[in-house]
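Visitor: Quick one: sequence and predicted model below, then my questions.
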Amino acid sequence: MNQDELLYPKKGMFAMKKYRCLVCSYVYDPAAGDPDNSIDPGTAFEDLPDIWVCPECGADKDEFEAV
Ligand SMILES: [Zn+2]
């Protein structure tokens, strides 16, 4: 096992966190993704494209906090 595997375990070992929009309280659930915006189920919030915005109010990712 190399050091990268120790530092960065494979995806799926940790439950992915949900994130809540601070503006409108929309919750991004990684298990559900955001199919309306071409985000597949199982996509972690951290892996969302930078252009992704809240589907409810259009706030960008900086407006979200982990829940
Ligand atoms: Zn929002």
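Guide: Perfect, thanks for sending it.
Visitor: quick one: contacts for the closest residue in space to Leu22 that isn't next to it in sequence?
Guide: Using CB to CB, 6 or more residues apart in numbering and skipping the chain neighbours, the partner closest in space to Leu22 is Glu63 (5.0 Å). Using the backbone N, CA and C atoms, a C-beta is placed for each residue, glycine as well. Each residue near Glu63 by CB atoms under 8 Å, 6 or more residues apart in numbering is listed here: Cys21, Leu22, Val23, Cys54.
Visitor: and the residues you listed as CSV, adding neighbour count and pLDDT?
Guide: Shown next, in CSV, are the contacts of Glu63 (neighbours: other CB atoms under 10 Å; pLDDT from 0 to 100):
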residue, neighbour count, pLDDT
Cys21, 21, 98
Leu22, 14, 98
Val23, 14, 98
Cys54, 21, 98
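Visitor: so which of those are also by the ion?
Guide: Near the ion, judged by CB under 5 Å from the ion, the entries from the contacts of Glu63 are Cys21, Val23, Cys54.
Visitor: possible to save those residues as a markdown table with secondary structure?
Guide: Below are the ones next to the ion among the contacts of Glu63 laid out as a markdown table (DSSP: H, G, I helix; E, B strand; the rest coil):
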| residue | secondary structure |
| --- | --- |
| Cys21 | strand |
| Val23 | coil |
| Cys54 | coil |
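Visitor: Could you dump these into TSV with distance to Asp34 added?
Guide: Listed next are those as TSV, based on distance: CB to CB, whole Å:
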residue	distance to Asp34
Cys21	12
Val23	16
Cys54	9
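Visitor: give me the number of residues near Ala44?
Guide: 14 (other CB atoms under 10 Å).
Visitor: burial measure for the nearest residue to it once chain neighbours are set aside, as a count.
Guide: Nearest residue to Ala44, sequence neighbours excluded (CB to CB, 6+ apart): Met16, at 4.7 Å. The number of residues packed near Met16 is 17, by other CB under 10 Å.
Visitor: wait, what's in contact with Met16?
Guide: The neighbours of Met16, taking CB under 8 Å, 6+ apart as the test, are Pro30, Ala31, Gly42, Ala44, Phe45.
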